[in-house]
Every structure is written in C-alpha cells, then in structure tokens.
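*Asks:* quick one: sequence plus predicted model below, questions after.
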Amino acid sequence: MTPHVEGEVEGAATGGTEGARMNGGDRPDAPGRLLQGLFTAERPLVGMVHLLPLPGAPRWGGSMDAVVERALADARALAGGELDGIIVENFLDAPFYPNRVPPETIAALAVVVREVVQSVDVPVGVNVLRNDALAALAIATATDARLVRVNVHTGAMLADQGWLTGEAHESVRLRARLGAAVAIVADVFVKHATPPAGADPALVAGDAWHRGLADGLIVSGTATGAATDAARIRAIKAAVPEAPVWIGSGLSAENAAELLPLADGAIVGSALMHGGRAGQGVDPERVREFMTAVRPLR
C-alpha cells in the first residue's frame, strides 16, 4: 500500500517536492496537520519493530547485520499483513538513558530505519527510548521516516530513569529548522511512569496538543502490553476532540471491539509478537489473526 502524503499534494502548488518540507508558507497552521492524510485508513494501525540490542547497549550481540535482518523481517511481516504503518524502537536497549542517547545509538538507529523505509511501502516512524525526541527527529529527517513517538513531549513524568521532562520547545523548533515533514505523536501519561501529584490527564493532553503542538496524542495502559483504559480514551477525546488520539498499548484481538472504536488509531506491539511478548519479533500468524479480528472495525 502506498501512503497518501498530504504535504506532497499541496507541494504541487508550492514548488513540487518542496511541499513535503515545512519551509515558510508550507508550515502547518495547526497541530495535527502533519498526521492528517499520512494514512489512508480511517483508524490506522501502526505495528512495532522492537530492535535487537544496539551497539553500546548491555545486551548488544555484536552484529548489526543481525539487527537489520530481524528488523526487516518484522517490518515486512507487518506491512505484508496490512498494518498501515511501522514504528522502529530501540526496545531492547534497557536500561534506557532518560533523554539524550549516545552517538552509537543514533547511528545504529539511522542505519536500521533507513533500511526499513526502503523495504516497505507504508509510513515508518521512530521512537528513541526513553525520551530523546531530538534524536528521533534527526533520524527521521535523515531516513525519510514520517513520524516520531515522544514519550514525554510536555510536562514531566517519573519513570525508572528518574524524571522525564518534555522538550517541546526544543523539538518543535528543531523540526522547523530541519524543514522536516515529520509528525510528532505524543504520549499522555506514558506507560512505565507516574505523573506528578494532582496532574489531570485531560489538561496534560490539552497542553501537549495546544501548547506543545503535537500532531497526535497517545493513551496507554500502565505498562507494555497492558490494555488501555476505555474511560481514559473517552476523557482525552472529550478534552481535545480535534486531536487524533491513538491507543498506545495492549490492543489485542480480544479487546479490539471494545477499544478501537473509541480511538482514531492504535500502535500495536506485543499482540503481534511471538508468544504475545514484547521484543520477541513479529509473528506473521499472530498478525493475520489480529487483522482478521480488527478489519471489520476500521
């Protein structure tokens, strides 16, 4: 499936392929502009590629060929299984740096993401764990990826890495300097983390959308693979009705009928992997079973 890219259509009137970049008058007027038109499905389903440990990580296996080979097999299984997009993530690099990752991680991710972009015909995204939005944007720009997931875009969350602090003021400006048509999809109360006392998810979502200029919002469960709370999805949609809101964890064939109609899309990882376990590589049979269950809901 070849994704429709709204910016490229608009570019015909503003200078050909330059329309795919945010330069001057091509910049979007409002948040969400870069996500609109990126997918043809009404509720896009984005599959995860959890990379093997990268150079410098404690469990690094010593072979980039092995990392690339597994990533490409996973990406092709997702795209071939009719997922609408892919996000590549350094999932097995734990323990994670809280924000800036080292140069070797950025270099390795760029190599793999570029290979994935060239191997599939769906939009590809990047998430640099735990919260390096600047690296993710740079990688996406260099590799022609189309979106980044940012765990904490505005505000702060307390995680096992300590405090994760949003840097929307840096990342949105970097995107503008790079002229990159890369959508920023931001978590609201990201998993594996605790919000500050008194934080209201509806207000946090509004800040990420209106003040952080995110292009979409993500609502997750408490941990990887944990189902997203239906009431939380409804609350975020009610608070920011104009924002695309994606499910960020725990969507499965079993709960899709309940959860997917509440959201504007979903990121799917564990449910599509061998044994239903994150980081174990994509299982094509599980992809088929999942898509059979969700196809009527889209």
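*Replies:* Arrived safely, thanks for sending.

*Asks:* contacting residues for residue 126?
*Replies:* 87-89, 109, 113, 136, 139-140, 143, 145, 147-149 (Cβ atoms under 8 Å, 6 or more residues apart in numbering). The C-beta positions use only the backbone N, C-alpha and C, and glycine is treated the same way.

*Asks:* try residue 237
*Replies:* 245, 262-263.

*Asks:* circling back: so which of the contacts of residue 126 belong to strands?
*Replies:* Using DSSP state E, the members of the contacts of residue 126 that fall within strands are 87-89, 147-149.

*Asks:* thought residue 245 was touching residue 219?
*Replies:* Yes. Between residue 245 and residue 219 a contact is recorded at 6.2 Å, counting by Cβ atoms under 8 Å.

*Asks:* now the common contact residues for the two.
*Replies:* 233, 236, 263.

*Asks:* pipe the residues you listed into CSV and attach distance to residue 165 and neighbour count per row.
*Replies:* Below are those laid out as CSV (distance: Cβ to Cβ, whole Å; neighbours: other Cβ atoms under 10 Å):
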residue, distance to residue 165, neighbour count
233, 25, 20
236, 21, 26
263, 27, 23
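
*Asks:* all helices for this protein, in order.
*Replies:* Ranges of helices in the chain, per DSSP state H, are 6-11, 64-80, 103-119, 133-143, 168-178, 201-206, 230-239, 256-259, 284-294.

*Asks:* out of those helices, deepest packed?
*Replies:* Greatest average neighbour count among the helices of the chain goes to helix 133-143 (a mean of 24), per mean count of other Cβ atoms under 10 Å.

*Asks:* elements contacting that one?
*Replies:* helix 103-119, strand 124-127, strand 147-150, helix 168-178 (3 or more Cβ pairs under 8 Å, 6 or more residues apart in numbering; DSSP states H and E).

*Asks:* to residue 47, which of the ones you listed lies closest?
*Replies:* Each of these has some distance to residue 47 by Cβ to Cβ; the shortest is strand 124-127, at 10.4 Å.

*Asks:* only alpha carbons, please: show the closest one as CSV.
*Replies:* Taking Å, rounded to 0.1, in the frame of the first residue of the first chain, the C-alpha atoms of strand 124-127 are listed here in CSV:
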residue,chain,number,x,y,z
VAL,A,124,7.7,4.5,9.0
GLY,A,125,8.2,6.2,12.4
VAL,A,126,10.9,6.3,15.1
ASN,A,127,10.8,6.2,18.9
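
*Asks:* for it, give the mean pLDDT please.
*Replies:* For strand 124-127, mean pLDDT rounds to 98.

*Asks:* with stretch 196-203 instead?
*Replies:* Rounded mean pLDDT across stretch 196-203 is 96.

*Asks:* just the endpoints, please. Distance across it?
*Replies:* One end of stretch 196-203 sits 13 Å from the other (Cα to Cα, to the nearest Å).

*Asks:* next one: stretch 151-158
*Replies:* Per Cα to Cα, the first residue of stretch 151-158 is 12 Å away from its last.

*Asks:* now the two most distant members of the ones in strands among the contacts of residue 126.
*Replies:* Farthest pair in the ones in strands among the contacts of residue 126, by Cβ to Cβ: 89 and 147, 12.3 Å.
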